[in-house]
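J.: give me coordinates for this.
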Amino acid sequence: MHAGSDAALFAEAAETLVVAEERINLLGSVAPADVLGETAKLARDYAHGKPLVITRAGEVSELASVRHALAHVQRATEPLGLLGRLYGERALELELEARLVEALGTPHFRVLAAERFPEPPPELGRACDAFVAEAEGLALPEAPERYVSDDETEPRSLISRLRLKVRELGLKFVVRVARSQLAAAATGDGLVSVRAGMRLTAAAAERITAHELLGHALPRARARHASPPLLRAGTRGAADDEEGRALLVERRANLLDAERQRELALRHVAAVGVRRGAEPRDTVDTLTRRGAPVERAVELALRIHRGGGLAREIVYLPAYVAVTRAFAEEPSLERWFERGRVGLAAARELNRAQPTPEHGRTAWAPGAVPRRSRRA
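T.: Numbering: from 1, shown residues only. I've put the predicted structure just below:
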């Protein structure tokens, strides 16, 4: 196999990874069908001392064909030097996410979630604890005016700010309204979705716009034409470390205000609690003791415990600390984050040596991943 064949193999492998991630759809799979209804139900049950049971939407996906295709990617690319190993590592990460989706509704889900989104190592954990302590000591400003997130007639609403900035940046991204997501906004391939009915300050809308477009959408747009094509598919840890850089984007724009820091602190405390065995009522109790209103505590519990204890929020503060330190020590690492979807470990390796695929020994035999039809 010659170098040109390796390039074709890597391009096809990247496409397989992209399609596999779309099919797996981890965050979509664990989202409740009706966020507002589920939050209201949990708040009522909490007030009446009932068990807090978080329901999930839809049927569990069967992803054997996707896992088979990912195994082919891993076997075919891993022998091909540094770049091949990075492809293989991403395939293994997605395979774990596929098993997570298949384990929805079972006790094994929380075990797999802890493998995919573990507690940070001790030194990073102490830095996160310091962030939490400082954030909880911040004074919140008086409540300013708030605007409905999906009000297209209000120029200060989140959807209006996103659409304006998408045009200004020249991004070919669609901004749409979603009713089943827990995040205020979420970015996918060519898409930014806004949660309907949220009431946000103008400052929060500006912060979320910067987070989603500069932290997530712009690197994805650049990755469409980047080399290697792995930057479009993402390296292992890319989704997590990208969140850390997006928080750094907020800070650089002076948008990481007291309200946002308090929110991040509560999420981190709640996510660590889940990793240590907390159930939804334990989480609400913990958050209300730390000053969160019951309604907000219930909504955060729903987010942290979705799927049976995903607790993906445990990645935000550790990634923020790690990325901030890494960029200060080695500023050139950030160029990889600007070019596409990359994690810190991969960025360090790519920075040390622009990899040229070695002459390979493994024939490419991808198991085709059937695309899932896109929903309107």
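
J.: in the protein, which spans are strands?
T.: Shown for the chain, the strands assigned by DSSP state E span residues 146-148, 174-178, 185-188, 191-195, 199-201.

J.: of all these, which one is nearest residue 68?
T.: In terms of CB to CB, the element of those nearest to residue 68 is strand 185-188, at 24.0 Å. C-betas here are computed from N, CA, C, even on glycine.

J.: mind listing residues that contact that closest one?
T.: Applying CB atoms under 8 Å, 6 or more residues apart in numbering, the contact partners of strand 185-188 are 27, 158, 162, 173, 178, 192-195, 208, 211-213, 216-217, 220.

J.: and which of those residues is nearest residue 5?
T.: residue 220 (27.7 Å).

J.: helices of the stretch 51-200 of the chain, start to end?
T.: All helices of the stretch 51-200 of the chain, identified by DSSP state H, counting those that start in this stretch, fall at 64-77, 81-102, 108-116, 122-136, 158-169.

J.: on that earlier part again, residue 74 is nearest to which of the strands of the chain?
T.: Residue 74 lies closest to strand 185-188 among these, at 23.9 Å (CB to CB).

J.: that closest one pairs with which strands?
T.: Taking DSSP bridges as the criterion, strand 185-188 pairs within the sheet with strand 191-195 (antiparallel).

J.: just how off-centre is the partner strand within its chain?
T.: Taking CA atoms, centre = their mean, to the nearest Å, one finds the center of strand 191-195 at 13 Å from the center of the full chain.

J.: among the strands of the chain, which is the most enclosed?
T.: Highest mean neighbour count among the strands of the chain (mean count of other CB atoms under 10 Å): strand 191-195, with a mean of 23.

J.: average pLDDT across it?
T.: For strand 191-195, mean pLDDT rounds to 96.

J.: and that strand with strand 174-178, angle?
T.: 30 degrees (axes from the mean of the first three to the mean of the last three CA atoms, to 10 degrees).

J.: who touches strand 191-195?
T.: Contacts of strand 191-195 with the rest of the structure, by CB under 8 Å, 6+ apart, involve 35, 149-150, 158-159, 162, 166, 173-179, 181-186, 212-213, 217.

J.: over to stretch 48-56?
T.: So stretch 48-56 is contacted by 30, 32-33, 38, 42, 45-46, 104-105, 279-281, 284, 301-302, 305-308 (CB under 8 Å, 6+ apart).

J.: so which of the strands of the chain comes closest to residue 20?
T.: Of all the strands of the chain, strand 185-188 sits nearest to residue 20, with 14.2 Å by CB to CB.

J.: please give the centre-to-centre distance between the closest one and its chain.
T.: That offset, for strand 185-188, works out to 9 Å (CA atoms, centre = their mean).

J.: just stretch 344-352 next, same as before
T.: 20 Å.

J.: let's see that stretch as CSV, backbone CA atoms only.
T.: Backbone C-alpha positions of stretch 344-352 (Å, rounded to 0.1, in the frame of the first residue of the first chain) are rendered in CSV as follows:
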residue,chain,number,x,y,z
LEU,A,344,-5.2,18.3,24.1
ALA,A,345,-3.3,15.0,24.0
ALA,A,346,-3.6,14.7,20.2
ALA,A,347,-2.8,18.4,19.7
ARG,A,348,0.5,17.9,21.6
GLU,A,349,1.4,14.9,19.4
LEU,A,350,0.4,16.7,16.2
ASN,A,351,2.3,19.7,17.3
ARG,A,352,5.5,17.7,17.8
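
J.: buried set for it?
T.: 344, 345, 346, 347, 349, 350 (16 or more other CB atoms under 10 Å).

J.: what sits up against it?
T.: 82, 86, 89, 235-238, 241, 322-323, 326, 330, 332-333, 336-337, 342, 355.

J.: just the buried residues of those residues.
T.: By 16+ other CB under 10 Å, these give 82, 86, 89, 235-238, 241, 322-323, 326, 333, 336-337, 342, 355 as buried.

J.: just checking, residue 82 touches residue 353?
T.: Yes: the pair residue 82 / residue 353 is scored as a contact, 6.6 Å apart, by CB atoms under 8 Å.

J.: common neighbours of those two, please.
T.: What both residue 82 and residue 353 touch, as defined by CB under 8 Å, 6+ apart, is an empty set.

J.: hmm, back to that, which ones among the contacts of stretch 48-56 lie within helices?
T.: With DSSP state H as the criterion, helices contain 30, 38, 42, 45-46, 280-281, 284, 301-302, 305-308 from among the contacts of stretch 48-56.

J.: mark which of those residues are buried, thanks.
T.: Using 16+ other CB under 10 Å, the buried ones in the ones in helices among the contacts of stretch 48-56 are 30, 38, 42, 45-46, 280-281, 284, 301-302, 305-308.

J.: ok so, going back, right, and the strands of the chain - which one's nearest residue 64?
T.: Per CB to CB, nearest to residue 64 of the strands of the chain: strand 185-188, 24.0 Å.
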